[in-house]
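> for reference, the sequence and a predicted model appear below.
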Amino acid sequence: MKGVVQIAKFFGIPVQVHWTFLLIFVWVLAKGLGEAWDWETMAWMMGFVLAIFGCVVLHEFGHALTARRYGVATRDIILSPIGGVARLDRLPENPVHEFMVAVAGPMVNVFIGLLLSAQPLLASEASRSKFYNFFMSLAYPNSNIFSVGLSPWDYFLFGLIFLNGILAVFNMVPAFPMDGGRVLRALLSIRLGRLKATRIATYVGQVLAVGLVAFGVWQFSIITAVIGIFVFVMAANEYKMVRFDGILSKHAVADIMRPQYTPLYTDQPLSAAFDLMQHGTERHFLVFDEWHNLTGTLGERRLVKLAKDKKLDPSSTPLSSVIRPFPDALLPTDPLDEAYGKVYWKGRGILPVFHQGKLVGVVDENGLSGLLKVKR
């Protein structure tokens, strides 16, 4: 995804932040200056925002690590102002596994809320009274009675507990891309199959989305209306993705494998790949060493990125310094839905196909997109 920066890596899964994430801090700063907050209050609010997104990261790792348990890898976790997303390589095949992956995230928030609640509830009577007063102040925001005696730390801790509860409940709304939509789809898939279950879950999500938009217009809430539009679009995209998976699963790699391809070699300059891409029909290439051993791949997206790098001299830069390492290989009998994930989601652009230890062809983005166009 464009506009993201990796900030950490846990359990082998990159954690990335989209540049728009910084807008949250700009908003906090603008709100603080507008309401004449002192710098201590501003610091508490900045820290609170970071803590909330820390909980979001843990939520997404709940999905990712549960998916790993069922053999599904996670490409990365991306944070944005509207939350986080764990991008899985594929959907779990078993509906029960999908259900477990979907509920794992909200259950992490429930656990965090219960863990943090232990401190105020078990500390003392005064602490329990403050805990009660905080939630009463949320129920009666126009009253100052319940906010008496609450310190900045109380607001920080109790606010985290409250918002983890909100995250758990909100994510269980039965609408894509929330976890509740995936839970609904998983339960329906047990009897109806994934495609039909996704269609029903999509309709449910879109009805809820229309309701959100209508409520946002009625209440003059732009944010609510935008969320409704986002949910509507994401629900439709989820159905399209599952339809594509259904199409691909009916075909094998051999159906679109291309036996002829133009090899490149590690000692050739980068300009040789540019020439082939500009003047030929191929956009993705396998790269071999001088003994014709497959060494890596070079896809169109990688080449376009390299072409924009002004520091590189294409005529003197060897391909050995810019190729991706030796990729996963395919068999002619492999289902295309697995190939799709490896070619597109891992950004390869092209993968070799082996049969009985011999390289017999390639599958690339052009072949996959051509099949999808025909089937549409």
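Okay, I see it. Please read all numbers here as calculations on a predicted model, not as lab measurements.
> select the longest helix from this structure.
Among the elements of type helix in the chain, defined by DSSP state H, the one spanning the most residues is helix 39-69.
> which parts of that helix are buried?
Judged by neighbour count (16 or more other Cβ atoms under 10 Å), helix 39-69 contains these buried residues: 44-45, 48, 52-53, 55-68. Every C-beta, even on glycine, is put in place using the N, C-alpha and C of the backbone.
> residues contacting the helix or strand that comes right after that helix, please?
The element immediately downstream of helix 39-69 (helix or strand, assigned by DSSP states H and E) is strand 74-80. Outside of strand 74-80, the residues within contact range by Cβ atoms under 8 Å, 6 or more residues apart in numbering are 1, 4, 6, 13-18, 20-21, 53, 56-57, 60-61, 63-64, 67-68, 84-89, 345-346.
> distance of T262 from F285?
Between T262 and F285 the distance is 7 Å, computed by Cβ to Cβ, to the nearest Å.
> what about those two, which has more around it?
Between T262 and F285, counted using other Cβ atoms under 10 Å, the more crowded position is F285 (28 against 11).
> domains in the chain, by residue range?
Each domain of the chain is listed here as a residue range: 1-172, 176-249, 253-375, per automatic domain parsing.
> neighbours around the residue nearest to P263 when sequence neighbours are not counted, how many?
The shortest distance from P263 to any residue that is not its chain neighbour, by Cβ to Cβ, 6 or more residues apart in numbering, is 5.4 Å, and that residue is F288. The burial metric for F288, expressed as a neighbour count using other Cβ under 10 Å, is 18.
> is F288 in a bridge, and if so with what?
Using DSSP bridges, the bridge partners assigned to F288 are Y265, L294.
> please name the residues that touch it.
By Cβ under 8 Å, 6+ apart, F288 lies in contact with P263, L264, Y265, T266, L294, T295.
> and for L306?
If a contact means Cβ under 8 Å, 6+ apart, then L306 has L270, L312, P314, V322 as its contacts.
> so can I have TSV of those residues showing neighbour count, pLDDT and secondary structure?
Shown next, in TSV, are the contacts of L306 (neighbours: other Cβ atoms under 10 Å; pLDDT from 0 to 100; DSSP: H, G, I helix; E, B strand; the rest coil):
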residue	neighbour count	pLDDT	secondary structure
L270	24	89	helix
L312	14	81	coil
P314	16	84	coil
V322	20	83	coil
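> hey, which of the domains of the chain is tucked in deepest?
Between these, domain 176-249 has the highest mean count of neighbours, a mean of 18, where neighbours are mean count of other Cβ atoms under 10 Å.
> quick one: average pLDDT of it?
For domain 176-249, the mean pLDDT works out to 85.
> now do that domain: distance from first to last residue.
In domain 176-249, first residue to last residue: 23 Å (Cα to Cα, to the nearest Å).
> go on, stretch 34-44?
The distance separating the two terminal residues of stretch 34-44, taken as Cα to Cα, comes to 16 Å.
> one more: stretch 359-373?
Using Cα to Cα, the end-to-end distance of stretch 359-373 comes out at 27 Å.
> model confidence at I145, what's the number?
Taken from the predicted model, the pLDDT recorded for I145 is 62.
> same check, this time on K375
What the model reports for K375 is a pLDDT of 63.
> start the count at 57, not 1, going forward
With the count now opening at 57, the last piece we talked about shows up as K431.
> and the contacts of stretch 396-416?
The contact list for stretch 396-416 (Cβ under 8 Å, 6+ apart) reads 131, 143, 145-146, 300-301, 304, 309, 313, 315, 339-342, 350, 353-358, 380, 383-388, 395, 417-421, 424.
> separation between F187 and V282?
From F187 across to V282, the span is 34 Å (Cβ to Cβ).
> by contact count, what packs against the lowest-mean-pLDDT helix or strand in the chain?
Sorting the helices and strands of the chain by mean pLDDT, DSSP states H and E puts helix 421-431 at the bottom, at a mean of 74. If contacts are counted by 3 or more Cβ pairs under 8 Å, 6 or more residues apart in numbering; DSSP states H and E, helix 421-431 sits against helix 278-305, helix 392-396.
> mind putting those helices in JSON lines, distance to L223 included?
Rendered in JSON lines, the data for these read as follows (distance: least, Cβ to Cβ, whole Å):
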{"stretch": "helix 278-305", "distance to L223": "14"}
{"stretch": "helix 392-396", "distance to L223": "31"}
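> compare the ones you listed and give me the one nearest V430.
In this view, the helices and strands packed on helix 421-431 are compared for proximity to V430 by Cβ to Cβ, and helix 278-305 is the closest at 9.6 Å.
> next, the angle helix 421-431 makes with that closest one.
Between helix 278-305 and helix 421-431, the angle comes out at 90 degrees (axes from the mean of the first three to the mean of the last three Cα atoms, to 10 degrees).
> what helices or strands is helix 278-305 leaning on?
Secondary structure elements in contact with helix 278-305, counted by 3+ Cβ pairs under 8 Å, 6+ apart, are helix 250-274, helix 392-396, helix 421-431.
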